[in-house]
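Engineer: model this:
(one chain, ligands or ions: 1)
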Amino acid sequence: MPPLLTWDTKSQPPPIQGQIKTESLVFPKGVDYTPLAATDFASNRLILGDNLAVMSALLPQYEESIPLIYADPPFFSNRRYPARIGRGEDSRKPKEWQLAEGYADHWEDIDAYLDMLYPRLVLMHRLLSPTGTFYLHLDWHANAYARLLLDEIFGAEQFLNEIIWVYHGPSPIRSAFNRKHDTILVYTKSEKYTFNVDAVRQPYDPTTIKTFASSKKAGFGKIPDLARGKVPEDWWYFPVVARLHNERTGYPTQKPLALMERIILASSNTGDAVADFFCGSGTTASAAMKLGRNFITSDVTWRAIHTTKKRLLSENCAPFVYQIFKSGENTAINNPPTQTASPELSAMIRLVNETIEIDPTLLPSLDFWEAGIYTPDQIYHSVAQAVRPLKKKTAPDRLSIPWELAKQPLWIRLTQIDDEQVQLKLD
Ligand SMILES: C[S@@+](CC[C@H](N)C(=O)[O-])C[C@H]1O[C@@H](n2cnc3c(N)ncnc32)[C@H](O)[C@@H]1O
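Structural biologist: Residues are numbered from 1 along each chain as shown. Just a heads-up that it's a prediction; the model follows:
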């Protein structure tokens, strides 16, 4: 019998009653807009909700079918992470930061943390396809516990790698070595799995190339294919996002795109679904999109969903569906909203031919604004969006919309940097 991690409250909670409901379809920049039904549209999904409920609700459709799942849950660090909003992504302009609630990684004890992690790992294992790969990103706080849980759930023989991601950064620590690495545990569902080695090869170090140029025997008879490049080691260096000014979204503990790209290139193929149920700022969705994969991604906070949506919109993303897990019996989404915007606000936005113009005084408080229609099933189709570019003060003050839509009742949604969303019908 292999060693098993146990604690008093270890259990698999029953599924939460409820449904994933489609709130909107998002057509970034209105590209290829056709009024599709939500069911024809769901290859890219952004879902708001606790992932225990979200994953349970996805099981009937996705059990044993997702080729790659990456998870970057809270680390058991017992900290609360604020988000920087507004121009928070610009580290050189501290006067323009505003802080808002990001997410909490706060637990009564390790049992409470494992009560969160364990049932979610079980669900991710169930959703993973028979040839799929699972990456669990943690650090020293909980990786030892997680290794035992994954051995139990996947089988110790399915362990593929322990990846060490190393980075630099300031630290107040004076009584130990600086803790500057994370651990990514990698498990496969079976012996047969995707590993695209040629997609992740790296150039050999110049000194290695020089050594082999001077002596073919330098590798004790093994001559590497210097032109093809080497298979990366299981320790990776990528700078942290704090040092990557063009990637920063202001969301806490955001992971670098390069890290996600290596994982996605190695362990999935073009057109595959890549899932991340702890999406934060949407790094996985963004990397998946850029590499021609589809994404299924979720988070429990509106701030994370808002950040991900904004990020995808500013990256010419393919269309995606935005969904919400609704618990209980009444799972309806209140679309369109019952409360209407004030006449003063409505007067500040107008349609001139096929262009919507917004009064510039509204812009400083907005992260993005969008125009769209409600279809008879009360789903919002967002067909044009104006997004505040990273590190810029405001979003554009006008939006062009597809001409055939200019004749329909148009709804404008304003997403404010402090998380508020206001909607109004354009008269
Ligand atoms: C470490 S962050 C993820 C960061 C992300 N990888 C990125 O690059 O931005 C963890 C995320 O998990 C989310 N989270 C925590 N508990 C959750 C739950 N039960 N369901 C869904 N999301 C959850 C938090 O809101 C937070 O955004």
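Engineer: how about whatever residue of the stretch 101-250 of the chain ends up closest to the ligand, secondary structure?
Structural biologist: When distances are taken as CB to the nearest ligand atom, the stretch 101-250 of the chain approaches the ligand most closely through Tyr103, which lies 3.5 Å from it. Bear in mind the C-beta positions are built from the backbone N, C-alpha and C, glycine included. With DSSP: H, G, I helix; E, B strand; the rest coil as the basis, Tyr103 sits in strand.
Engineer: any idea what it is bridged to?
Structural biologist: Residues in a beta bridge with Tyr103, per DSSP bridges, are Tyr81.
Engineer: confidence score at the residue in the chain positioned nearest to the ligand?
Structural biologist: Taking CB to the nearest ligand atom as the measure, the chain has Gly280 as its residue closest to the ligand, at 2.6 Å. Confidence at Gly280, expressed as pLDDT, is 97.
Engineer: if I look at it, how far off is Met55?
Structural biologist: When distances are taken as CB to CB, to the nearest Å, Gly280 and Met55 turn out to be 17 Å apart.
Engineer: again, but for Asn78
Structural biologist: 25 Å.
Engineer: between those two, which one's more packed in?
Structural biologist: Each of Asn78 and Met55 has its neighbours counted (other CB atoms under 10 Å); Met55 has more, 26 against 14.
Engineer: packing partners for whichever strand or helix holds that one?
Structural biologist: Met55 is part of helix 51-62, with elements assigned from DSSP states H and E. With contacts defined as 3 or more CB pairs under 8 Å, 6 or more residues apart in numbering; DSSP states H and E, the secondary structure elements packing on helix 51-62 are strand 18-26, helix 110-127, strand 294-299, strand 320-327.
Engineer: so which of the ones you listed comes closest to Pro389?
Structural biologist: If you check each of the helices and strands packed on helix 51-62 against Pro389 by CB to CB, strand 18-26 wins as the nearest, at 17.9 Å.
Engineer: mind saving the C-alpha coords of the closest one as PDB?
Structural biologist: What follows is the C-alpha trace of strand 18-26 in PDB, where atoms were taken according to Å, rounded to 0.1, in the frame of the first residue of the first chain:
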ATOM      1  CA  GLY A  18     -26.900  24.700 -10.200                       C
ATOM      2  CA  GLN A  19     -26.100  25.400 -13.800                       C
ATOM      3  CA  ILE A  20     -23.600  27.300 -16.000                       C
ATOM      4  CA  LYS A  21     -25.600  29.900 -17.800                       C
ATOM      5  CA  THR A  22     -24.500  31.900 -20.800                       C
ATOM      6  CA  GLU A  23     -24.500  35.700 -20.100                       C
ATOM      7  CA  SER A  24     -22.900  37.000 -23.300                       C
ATOM      8  CA  LEU A  25     -21.100  36.100 -26.500                       C
ATOM      9  CA  VAL A  26     -18.100  38.300 -27.100                       C
END
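Engineer: and the stretch 101-250 of the chain, which residues reach the ligand?
Structural biologist: Tyr103 (CB under 6 Å from any ligand atom).
Engineer: ranges for the strands of the stretch 101-250 of the chain?
Structural biologist: 128-138, 159-166, 181-188, 235-237 (DSSP state E, counting those that start in this stretch).
Engineer: these: which one's closest to Thr211?
Structural biologist: Each of the strands of the stretch 101-250 of the chain was checked against Thr211 via CB to CB, and the shortest separation belongs to strand 235-237, namely 21.2 Å.
Engineer: hmm, back to that, tabulate the strands of the stretch 101-250 of the chain (CSV), appending mean neighbour count and mean pLDDT.
Structural biologist: Below are the strands of the stretch 101-250 of the chain laid out as CSV (neighbours: other CB atoms under 10 Å; pLDDT from 0 to 100):
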stretch, mean neighbour count, mean pLDDT
strand 128-138, 22, 98
strand 159-166, 16, 98
strand 181-188, 21, 98
strand 235-237, 15, 97
